[in-house]
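Q: Pasting the sequence and the predicted coordinates here, then a few questions.
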Amino acid sequence: MWNRRFDFPVMFSELDRVRTQMDTLFRELESSASNPGGRLASGPRVNLYDTGEGYTLRAALPGLTEDDLKLTINQQTLTLSGQRATNVPEGYSVHRRERGTTEFSRSFTFPERLDPDNARAEFKNGLLTVFVPRSPESRPRQIAISVS
Amino acid sequence: MAENTLQKTNEGKDLEVTRGSASRRVVKPRVDIYENDAELLLLADIPGIRPENMDIRLENNELTLEARWGQTEAREPTHREFLEVDYLRSFRLSQGIDQDNIQAELKNGVLTLHLPKLANQGARQIPISAS
């Protein structure tokens, strides 16, 4: 009896801890929603799609050009790096600066080998879309069943 | 000078707004605002927005930037870090802006707006308030 009563505060403090974690998680989700072009400490935010044939990676990179970006694929790893400088234009005074300067390098490791020779990238309206196929030996195969 | 000419009504923490029953999230784009003797210069990050989905309106000295994401990806990403969003933000212009000669350019996901000051306004202050 004594023990059980004693456990209550422990249980509630555990619930508090979980709730705090949930709050933190939601705050992170909120900030990512309100800052789609924003950057994590380690680079731009990306969305990743598994298309079966390969992967499509989409990254919001406003204000960068093709020349500011570098994309490399090595076996199972895709690395995206780049930088954007938002300098004050010469002769202007500053009222407001919310757009940041950034320099990043971000790597994504996939569970199978990639096919860099057939990768495609498109950079349009500040949105980078990269499609990289799985290497032929990594792709799912259809096995024909012959009926005798 | 910036402190005098700009009313800071929004300090970044409420960069997100929600709009009624709209299904997509509406956020305020991040902006830089600069000024020289001839003009105000506004840069806004709106990645993913096509020019035809960008709407710039000027009504009663209120400049409104509105951008719609357009088509939504049919499938949910396997891994998601950002949402497809619409952008909406308004700025109040003073009478000191030559409203007929505002120029806009959308390039690489950045909107650039040139807001020329009216001639012979001298040292008049140009207040802009961002909401």
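A: It's in. Residues are numbered from 1 along each chain as shown, chains lettered A, B, ... in the order given.

Q: how far is stretch A:87-103 from where the chain is centred?
A: Relative to the centre of its chain, stretch A:87-103 is centred 26 Å away, using C-alpha atoms, centre = their mean, to the nearest Å.

Q: That stretch: which residues count as buried?
A: Taking 16 or more other C-beta atoms under 10 Å in any protein chain shown as the basis for neighbour counts, the residues of stretch A:87-103 that come out buried are A:92, A:95-99, A:102. No exception for glycine: its C-beta is placed from N, CA and C like everyone else's.

Q: for stretch A:52-67, same thing?
A: Neighbour count says stretch A:52-67 has A:54-64 buried, by 16+ other C-beta under 10 Å.

Q: could you check whether it is close to chain B?
A: Yes. Shown here: stretch A:52-67 in contact with chain B (C-beta under 8 Å from any C-beta of the partner chain) through A:58, A:60-65.

Q: Identify the residue nearest the geometric centre of chain A.
A: Chain A has A:V46 as the residue nearest its centroid, 3.1 Å off, counting by C-alpha atoms, centre = their mean.

Q: Spatially nearest residue to that one (excluding sequence neighbours)?
A: Nearest residue to A:V46, sequence neighbours excluded (C-beta to C-beta, 6 or more residues apart in numbering or on different chains): A:A59, at 4.5 Å.

Q: Could you report the pLDDT at the nearest residue to B:N61 once chain neighbours are set aside?
A: Once flanking residues are discounted, B:N61 sits nearest to B:L93: 4.9 Å by C-beta to C-beta, 6+ apart. According to the model's per-residue confidence, B:L93 sits at a pLDDT of 80.

Q: how close does B:L93 sit to B:V85?
A: The spacing between B:L93 and B:V85, counted by C-beta to C-beta, to the nearest Å, is 25 Å.

Q: domains for chain A, by residue range?
A: Listed by automatic domain parsing, the domain ranges of chain A are A:4-34, A:38-88+A:99-133.

Q: Point me to the residue sitting closest to the centre of chain B.
A: B:L65 (4.6 Å).

Q: hang on, it in a strand?
A: Yes. Using DSSP: H, G, I helix; E, B strand; the rest coil, the assignment for B:L65 is a strand.

Q: if I look at it, how far off is B:P51?
A: For B:L65, the distance to B:P51 (C-beta to C-beta) stands at 13 Å.

Q: Now do the contacts for the residue of chain B positioned farthest from its centre.
A: Largest separation from the mean C-alpha position in chain B: B:T78, at 31.5 Å (C-alpha atoms, centre = their mean). Residues in contact with B:T78, defined by C-beta atoms under 8 Å, 6 or more residues apart in numbering or on different chains, are A:48-50.

Q: quick check, nearest of those to A:L69?
A: For the contacts of B:T78, the closest approach to A:L69 (C-beta to C-beta) belongs to A:L48, at 17.2 Å.

Q: what's around the closest one, how many residues?
A: Residues within reach of A:L48, counting by other C-beta atoms under 10 Å in any protein chain shown, total 18.

Q: and if you look at B:N60?
A: The local packing of B:N60 (other C-beta under 10 Å) involves 6 other residues.

Q: Look up the pLDDT of it for me, please.
A: As predicted, B:N60 sits at a pLDDT of 82.

Q: Next: the one 10 residues further on.
A: pLDDT for B:G70: 80.

Q: follow-up on the earlier one: Throw the buried residues of stretch A:87-103 into a markdown table and include pLDDT, secondary structure and distance to A:V132, thanks.
A: Formatted as a markdown table, the buried residues of stretch A:87-103 follow (pLDDT from 0 to 100; DSSP: H, G, I helix; E, B strand; the rest coil; distance: C-beta to C-beta, whole Å):
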| residue | pLDDT | secondary structure | distance to A:V132 |
| --- | --- | --- | --- |
| A:Y92 | 95 | coil | 41 |
| A:H95 | 90 | strand | 42 |
| A:R96 | 91 | strand | 38 |
| A:R97 | 92 | strand | 35 |
| A:E98 | 92 | coil | 33 |
| A:R99 | 91 | coil | 29 |
| A:T102 | 84 | strand | 23 |
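
Q: As TSV, these with distance to B:P47 would be great.
A: Shown next, in TSV, are these (distance: C-beta to C-beta, whole Å):
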residue	distance to B:P47
A:Y92	23
A:H95	22
A:R96	19
A:R97	18
A:E98	14
A:R99	11
A:T102	13
